[in-house]
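Asks: I'd like to go over a predicted model; first the sequence, then the structure.
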Amino acid sequence: MRNGVLLMALLHAGTTLAMEPLSDAEMSDVQGAGLGFVLDQVLLDGSGAQIVINDITDGQGRNVPISLKNLYLGAAGSDKGSNLNPVTIGSLDHPFELELAKGEELRSLRDDGQWVQTTPNDITVLSLKFPERLVSGGNPCIASYAGAGSNCSTGPSGRADLGMRFDFQVSAGRTEMLALDIHQLVMDGSYLRLWGDPGQNGNGELVGEARINIFAKTLEVMSCAQANCDTAGETAAQRGARTLYITNGYANIALGYGKSQPLRLRASADGQFVLELQNPTATGTTAAQRQALASDFYANAPRTNLVFENLTMGGTRSSPTAVPTGGYNFGRNEISGLSFNYLKVSSYDLH
């Protein structure tokens, strides 16, 4: 880790590995501008609790509550949260990193294995980085699926199961449910970088760039009306008919290229949240400058990829990692090398 402070020391005694806190004297000898950490033995079981999000209103000013239920995080093999065990995410060799860094010091790994600078010079960046992806070596990003690459630093024991359920009360007598279950989740190489920018109107604003990598052996999405989903005695086939299954899927989502297309985050005059990616040539004042910005953007900006080795609607799985049988099989679906010339996402009141 570059310029980082590692909070835990690794001691070796025979074949036993243990972590112990550094003493004050040892800490005083460490110099650095960042923090490295590992999520050690994490287990989250929210099966008996719910989080209610209020103060989201529709066009008539009525509250539209959203309930988060059945939230879980644990080691792979949890059977959708019913058999949870702790999982350690990250390692001392490849931890999470939180640091303040100069823009010229940061690098991003492109799909072709090249490290490139994406952030501008002479700025201070707050950076949160997940365990890294490697140029060579490492582990399969998705077990038994070479198509996702084999340069993840996370090994088999660091893969996690994650799930949650959202209940949306869209009217007084109607609640819609959306449930997500992810098996063997890995997010190596993801990062979030934030810094301040004067803005085109002279008012300071928060900008940044993000890389969101999601590798999953399986992903299941089920949606229905709550009254139907909670019906006692509902069969697996009935629930499966309302489920979207993804097997061996991954996404590399690139939002922002700090040099010429940072991700702008702001609130609009009417209180809505706005995310915007402007045209990467917008800051060029001459044709030559715009051409240089475009050439740099298309040569170096990380791209977005969405790959689903198998996409099935309906049916059932014979095992947690098997391709579903029944339903409609759409086969392999892929979008690769996608870049955003312009993107604007804004929240709106529900009506």
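Replies: Structure's in. What do you need? From a predicted model like this one, the values you see are computed outputs, not experimental measurements.
Asks: so where is the stretch 51-200 of the chain shaky, pLDDT-wise?
Replies: Low-confidence segments of the stretch 51-200 of the chain, defined by pLDDT under 70: 58-59, 199-200.
Asks: ranges for the strands of it?
Replies: Counting by DSSP state E, counting those that start in this stretch, the stretch 51-200 of the chain has strands at residues 66-75, 87-89, 96-102, 108-109, 115-116, 124-129, 160-171, 174-185, 191-197.
Asks: Between those strands, which one is closest to Tyr298.
Replies: Minimum separation from Tyr298 across those (C-beta to C-beta) falls at strand 115-116, 12.3 Å. (Glycine included, C-beta is placed from N, CA and C.)
Asks: Can you spell out which helices and strands pack onto the closest one?
Replies: strand 108-109 (3 or more C-beta pairs under 8 Å, 6 or more residues apart in numbering; DSSP states H and E).
Asks: mind listing what the strand it packs on pairs with, with the direction of each?
Replies: In the sheet, strand 108-109 lines up against strand 115-116 (antiparallel) (DSSP bridges).
Asks: Please produce JSON lines containing the strands of the stretch 51-200 of the chain, extended by mean neighbour count and distance to Gly147.
Replies: JSON lines is the format used below for these (neighbours: other C-beta atoms under 10 Å; distance: least, C-beta to C-beta, whole Å):
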{"stretch": "strand 66-75", "mean neighbour count": "18", "distance to Gly147": "24"}
{"stretch": "strand 87-89", "mean neighbour count": "21", "distance to Gly147": "23"}
{"stretch": "strand 96-102", "mean neighbour count": "17", "distance to Gly147": "26"}
{"stretch": "strand 108-109", "mean neighbour count": "20", "distance to Gly147": "18"}
{"stretch": "strand 115-116", "mean neighbour count": "13", "distance to Gly147": "23"}
{"stretch": "strand 124-129", "mean neighbour count": "17", "distance to Gly147": "25"}
{"stretch": "strand 160-171", "mean neighbour count": "19", "distance to Gly147": "21"}
{"stretch": "strand 174-185", "mean neighbour count": "19", "distance to Gly147": "15"}
{"stretch": "strand 191-197", "mean neighbour count": "18", "distance to Gly147": "23"}
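Asks: wait, which of these is closest to Pro262?
Replies: Ranking the strands of the stretch 51-200 of the chain by proximity to Pro262 (C-beta to C-beta) places strand 191-197 first, at 6.6 Å.
Asks: which SS state does Arg290 fall under?
Replies: Under DSSP: H, G, I helix; E, B strand; the rest coil, Arg290 falls in the helix class.
Asks: Number of residues surrounding it?
Replies: Other residues near Arg290 come to 17 when the count uses other C-beta atoms under 10 Å.
Asks: Let's have the strands of the stretch 51-200 of the chain in TSV, adding distance to Ala146.
Replies: As requested, these are exported to TSV (distance: least, C-beta to C-beta, whole Å):
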stretch	distance to Ala146
strand 66-75	24
strand 87-89	23
strand 96-102	27
strand 108-109	18
strand 115-116	23
strand 124-129	25
strand 160-171	21
strand 174-185	15
strand 191-197	25
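Asks: all helices of the chain, in order?
Replies: Under the criterion DSSP state H, helices of the chain are mapped to 24-28, 226-229, 236-240, 287-300.
Asks: Pipe those into TSV and attach distance to Leu106 per row.
Replies: Formatted as TSV, these follow (distance: least, C-beta to C-beta, whole Å):
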stretch	distance to Leu106
helix 24-28	26
helix 226-229	44
helix 236-240	45
helix 287-300	13
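Asks: sorry, back to before: identify whichever of the strands of the stretch 51-200 of the chain lies nearest to Gly326.
Replies: Closest approach to Gly326 among these is made by strand 174-185 (18.1 Å; C-beta to C-beta).
Asks: Any idea how far that closest one is from the middle of the chain?
Replies: Chain-centre distance of strand 174-185: 16 Å, with C-alpha atoms, centre = their mean, to the nearest Å.
Asks: ok, it: who's next to it in the sheet?
Replies: As defined by DSSP bridges, the strand partners of strand 174-185 come to strand 160-171 (antiparallel), strand 205-225 (antiparallel).
Asks: Make TSV out of those and add distance to Thr235.
Replies: Listed next are the strands paired with strand 174-185 as TSV, based on distance: least, C-beta to C-beta, whole Å:
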stretch	distance to Thr235
strand 160-171	19
strand 205-225	14
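Asks: Of the ones you listed, which is nearest Thr285?
Replies: Thr285 lies closest to strand 205-225 among the strands paired with strand 174-185, at 19.9 Å (C-beta to C-beta).
Asks: List the buried residues of that closest one.
Replies: Applying a neighbour-count criterion of 16 or more other C-beta atoms under 10 Å, one finds 207-220, 222, 224 buried in strand 205-225.
Asks: what's the angle between it and strand 124-129?
Replies: Counting by axes from the mean of the first three to the mean of the last three C-alpha atoms, to 10 degrees, strand 205-225 points 30 degrees away from the direction of strand 124-129.
Asks: For strand 205-225, the averaged confidence score.
Replies: The average of the pLDDT scores along strand 205-225 is 94.
Asks: And it, how far out from the chain middle?
Replies: In terms of C-alpha atoms, centre = their mean, the centre of strand 205-225 is set 5 Å apart from its chain centre.
Asks: from here on, count from 31
Replies: Sure, I'll start numbering at 31, so the last one becomes strand 235-255.
Asks: re the thing from before, mean pLDDT lowest where, among the helices of the chain?
Replies: Mean pLDDT values for the helices of the chain show the minimum at helix 256-259, a mean of 62.
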